[in-house]
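Enquirer: heads up, no residue letters with this:
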């Protein structure tokens, strides 16, 4: 049985930022969120180049080629950022997170760098599939602070690993999809405002992907909308 994705994506500038540096893409084989950083137009440029470098992967790709395809897409994006900074040194420091899922109906392969997240709702339970590449997460891993302290830490926005034109080692994950699965990819504009319990509840009770994505973005905006917020929802189905 070949599985399919039924997807929707919503993004918003938020109430504080002057522009939207989030990039995203949703298609039948590829889902991704890229959260740009670097100020001015640089973050927007980095995320946009990353999306442009990855969209060619939205085609059927054999299972044994998925990881290699993801790796090449990330390398292309990172190389384009490096070349752009080399041509214009004023852009030094720009970069972007990337969380991308490549789906072929039989398997899902994921690549992750930064603090944009991927979640999987299966059998009514929400599981975070990514680990934030942040200073605060490093403190949690080392036992220096408790997980519940992370959300209010003054350095919670410090990202330790992004696509920035320098060598980087993304995390890669394989997931065997099941009909009924619901994927969520999002920028930290959502998770920095809306807690996991609320995200899980909304993903369980709102059946339509577009309505669910809109609801999650709305909750982030109601929470103050301090950052750009992007949400990609994709349901795994055994129908078209």
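Expert: Good, I have the coordinates. Since the structure is predicted, the reported quantities are computational estimates derived from the model, not experimental observations. Residues are numbered from 1 along each chain as shown.
Enquirer: Show me where this protein has its strands.
Expert: 4-12, 22-26, 30-37, 95-96, 98-103, 108-113, 117-122, 125-128, 171-175, 182-186, 229-237 (DSSP state E).
Enquirer: Let's have the ones you listed in TSV, adding mean neighbour count.
Expert: Just so you know, the C-beta spots here come from the backbone N, C-alpha and C atoms, and that holds for glycine as well. Formatted as TSV, the strands of the chain follow (neighbours: other CB atoms under 10 Å):
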stretch	mean neighbour count
strand 4-12	20
strand 22-26	24
strand 30-37	28
strand 95-96	31
strand 98-103	27
strand 108-113	25
strand 117-122	21
strand 125-128	13
strand 171-175	15
strand 182-186	27
strand 229-237	25
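Enquirer: I'd like these written out as CSV, with mean pLDDT added.
Expert: Shown next, in CSV, are these (pLDDT from 0 to 100):
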stretch, mean pLDDT
strand 4-12, 97
strand 22-26, 97
strand 30-37, 96
strand 95-96, 96
strand 98-103, 98
strand 108-113, 97
strand 117-122, 98
strand 125-128, 97
strand 171-175, 96
strand 182-186, 98
strand 229-237, 98
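Enquirer: would you turn the ones you listed into CSV with distance to residue 164?
Expert: Formatted as CSV, those follow (distance: least, CB to CB, whole Å):
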stretch, distance to residue 164
strand 4-12, 22
strand 22-26, 15
strand 30-37, 9
strand 95-96, 3
strand 98-103, 11
strand 108-113, 10
strand 117-122, 19
strand 125-128, 24
strand 171-175, 16
strand 182-186, 20
strand 229-237, 20
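Enquirer: These: which one's closest to residue 87?
Expert: Distance to residue 87, taken as CB to CB, is lowest for strand 95-96 among these, at 16.0 Å.
Enquirer: list the helices and strands that closest one packs on?
Expert: strand 30-37, helix 42-54, helix 66-87 (3 or more CB pairs under 8 Å, 6 or more residues apart in numbering; DSSP states H and E).
Enquirer: How far does that strand sit from its chain's centre?
Expert: 12 Å (CA atoms, centre = their mean, to the nearest Å).
Enquirer: Any chance you could list what contacts that strand?
Expert: 23, 34-38, 43, 46-47, 50, 77, 81, 114, 162-165 (CB atoms under 8 Å, 6 or more residues apart in numbering).
Enquirer: Low-confidence stretches in the chain?
Expert: Across the chain, the ranges flagged by pLDDT under 70 are 1, 39-41, 135, 137-138, 140-157, 240.
Enquirer: okay, the helices and strands packed on strand 95-96, which one's buried deepest?
Expert: Mean neighbour count (mean count of other CB atoms under 10 Å) peaks for strand 30-37 among those, with a mean of 28.
Enquirer: what's the angle between it and strand 182-186?
Expert: Counting by axes from the mean of the first three to the mean of the last three CA atoms, to 10 degrees, strand 30-37 points 20 degrees away from the direction of strand 182-186.
Enquirer: What helices and strands are in contact with strand 30-37?
Expert: strand 22-26, helix 42-54, strand 95-96, strand 98-103, strand 182-186, strand 229-237.
Enquirer: What strands flank the fifth one, and is each parallel or antiparallel?
Expert: Going back to what we said before, that points to strand 182-186. strand 117-122 (antiparallel), strand 229-237 (antiparallel) (DSSP bridges).
Enquirer: Just give me how far it sits from the chain centre.
Expert: With CA atoms, centre = their mean, you get 8 Å for strand 182-186.
Enquirer: now do the last one
Expert: Taking CA atoms, centre = their mean, one finds the center of strand 229-237 at 10 Å from the center of the full chain.
Enquirer: same deal with the longest one?
Expert: Taking CA atoms, centre = their mean, one finds helix 42-54 lying 13 Å from the centre of the chain it belongs to.
Enquirer: ok, now stretch 122-137?
Expert: Relative to its parent chain, stretch 122-137 has a centroid offset of 11 Å by CA atoms, centre = their mean.
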